[in-house]
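Undergrad: my questions are about this predicted structure, shown below with the sequence.
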Amino acid sequence: MPRTIAIGDVHGCADEFEELLNALELDPDDRVVQLGDLVNRGPSSHGVLELVREYKIESIIGNHELRLLRAKHEGRKDLLKDYDKTTIKELSEEDWDYLDTMPKFEYGPTRDVVMVHGGFVPGQPWQSQDVDTITSIQVVDKKGNPAKRSDAPNANPWADTWVGEPFVIYGHTPRPNVLERPGSIGIDTGCVYGGHLTAYVVEDKSLVQVRARKAYAHSKRLPDPV
Ligand SMILES: [Mn+2]
């Protein structure tokens, strides 16, 4: 039976991405959806974009792609961070064309599953939430607003109060392990920080992981591996 496979944040980790794609032993009918943040921080954003084309992978837009596209299409160079500028030097026209195809989310009615980069604000219709919110939400603050974990350190993950449906598969918030809740699973396991790159198979809920070869970037929240 063909599989639907979600892959978490790659962030330029082309070697680990290729290793994971090989480990999945893909059939031509399998559908692979990467959950956004293909680029930045890691060693080869261009290499990752070559792989998504070679393996015919679909990708949901992440906050990093959103910022790069805004800078390009809306002339918002003021938004760019240093690692964006490094990435821009690497990107080919084909790479930019791929970034332009990345949708806000992917909904599969058969299993009532939605794949999105960051998540959704619980208690509000999910389909109409704006792209900034759904690519950047990590926690819900005291007022019920979406926030970054670093801005609201005591707030709970949005997934803690998300009851589904639909079931949400997301990335964006790196953690040492996947975060499973009844209505969601978060699969950003911080590959670029020296963690793992994780794939989640929708049909049988199995995980396939590869370990990062090294920590390419540092996070206060994720200790480097031993
Ligand atoms: Mn992200």
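TA: Okay, I see it. None of the values given here were measured: they were computed from a predicted structure.
Undergrad: show me where the protein has its helices.
TA: In the chain, helices defined by DSSP state H lie at 14-23, 45-54, 63-73, 82-90, 93-100, 131-136, listed in chain order.
Undergrad: I'd like those helices as TSV, with mean pLDDT, mean neighbour count and distance to the ion appended.
TA: Any C-beta I mention is one placed from the backbone N, CA and C, and that applies to glycine too. Formatted as TSV, the helices of the chain follow (pLDDT from 0 to 100; neighbours: other C-beta atoms under 10 Å; distance: least, C-beta to the ion, whole Å):
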stretch	mean pLDDT	mean neighbour count	distance to the ion
helix 14-23	98	19	16
helix 45-54	98	19	14
helix 63-73	97	19	5
helix 82-90	95	15	12
helix 93-100	98	14	14
helix 131-136	98	19	7
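Undergrad: closest one to residue 124 among those?
TA: helix 131-136 (9.4 Å; C-beta to C-beta).
Undergrad: can you put the helices of the chain in CSV and add distance to residue 207?
TA: As requested, the helices of the chain are exported to CSV (distance: least, C-beta to C-beta, whole Å):
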stretch, distance to residue 207
helix 14-23, 11
helix 45-54, 20
helix 63-73, 24
helix 82-90, 28
helix 93-100, 26
helix 131-136, 23
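Undergrad: contact residues of the chain facing the ion?
TA: 37, 62, 63, 172 (C-beta under 5 Å from the ion).
Undergrad: the second one contacts residue 38, doesn't it?
TA: Yes: here residue 62 lies in contact with residue 38, judged by C-beta atoms under 8 Å, at a distance of 7.1 Å.
Undergrad: run through the strands of the protein in chain order.
TA: Ranges of strands in the chain, per DSSP state E, are 4-7, 31-34, 58-59, 105-108, 113-116, 139-140, 146-147, 156-157, 167-170, 179-181, 184-186, 196-201, 206-211.
Undergrad: buried set for the last one?
TA: Buried residues in strand 206-211, defined by neighbour count with 16 or more other C-beta atoms under 10 Å: 208, 209, 210.
Undergrad: what's near enough to touch the closest residue to the first one other than its chain neighbours?
TA: So that's residue 208. Spatial nearest neighbour of residue 208, chain neighbours left out: residue 199 (4.4 Å); criterion: C-beta to C-beta, 6 or more residues apart in numbering. Residue 199 makes contact with 5, 6, 7, 8, 20, 24, 187, 207, 208, 209, according to C-beta atoms under 8 Å, 6 or more residues apart in numbering.
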